[in-house]
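Asker: sequence first, then the predicted structure, then my questions.
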Amino acid sequence: MQRAIGEMTIECIKGDITDQGDIEVIVNAANQQLKGGGGVDGAIHRAAGPQLVEASRALAPISAGQGVITPAFDLPNDWVVHCAGPVYSDDPDVPPQLAACYRTAIELAEDKAAASIAFPAISAGIYGYPLSEAATIAMETVGEAARSVISLRRARFVLFSDEAHDAFAEALSILT
């Protein structure tokens, strides 16, 4: 599923974020200590090699909603943006923190004059964010940014499960 908004094409695919060789920047759903972990974070760290751990730990800690950028090392990409997503709760600060992850990643990619970026479903794994809510926040934030980007032309959401893919594709289909 894909859709053009402004100068950007936003797409959803089912796949492995570490295997996106046609994308310049991939986004890591990182923990605040930037030390690697499970899920997307672990997969990216394993694929990038030990240099990523050293580079990202030097930038830690970061708060929920913040992000930092490192080289991608052994990944087929140029850069990795590490975003610390929020743990899901009814705290009113949580949705803006999740949106900030996507905005920050786009800003960091734009700073590198990248043409493409790939996102996972930030906070929708062990951090417990309901898929439909996470997808809506992600699509609304990226859709809004798409109207004013300078270099980015493609935003790809790479989802690991059918359930995640369907939630993000649905959110993309109703994006205004």
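Answerer: Alright, I've got the coordinates. Residues are numbered from 1 along each chain as shown.

Asker: so where do the strands sit in the chain?
Answerer: Along the chain, counting by DSSP state E, strands occupy 2-5, 8-14, 25-30, 67-71, 79-84, 116-119, 154-159.

Asker: who touches the residue sitting nearest the centre point of the chain in this structure?
Answerer: Centroid-nearest residue in the chain, with C-alpha atoms, centre = their mean: Phe119, separated by 3.1 Å. Residues in contact with Phe119, defined by C-beta atoms under 8 Å, 6 or more residues apart in numbering, are 27, 102, 105, 138, 142, 155-158. Where C-beta positions appear, they are placed from N, C-alpha and C, glycine not excepted.

Asker: helices of the chain, start to end?
Answerer: Using DSSP state H, the helices of the chain run over 39-48, 50-57, 94-111, 131-146, 162-173.

Asker: out of those, nearest to Thr18?
Answerer: helix 39-48 (4.0 Å; C-beta to C-beta).

Asker: strand 154-159 and that closest one, what's the angle between them?
Answerer: Angle, helix 39-48 to strand 154-159, by axes from the mean of the first three to the mean of the last three C-alpha atoms, to 10 degrees: 110 degrees.

Asker: what packs against helix 39-48?
Answerer: Helix 39-48 sits against strand 25-30, helix 50-57, with contacts defined as 3 or more C-beta pairs under 8 Å, 6 or more residues apart in numbering; DSSP states H and E.

Asker: including mean pLDDT, could the ones you listed go into JSON lines?
Answerer: As requested, the helices and strands packed on helix 39-48 are exported to JSON lines (pLDDT from 0 to 100):
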{"stretch": "strand 25-30", "mean pLDDT": "97"}
{"stretch": "helix 50-57", "mean pLDDT": "94"}
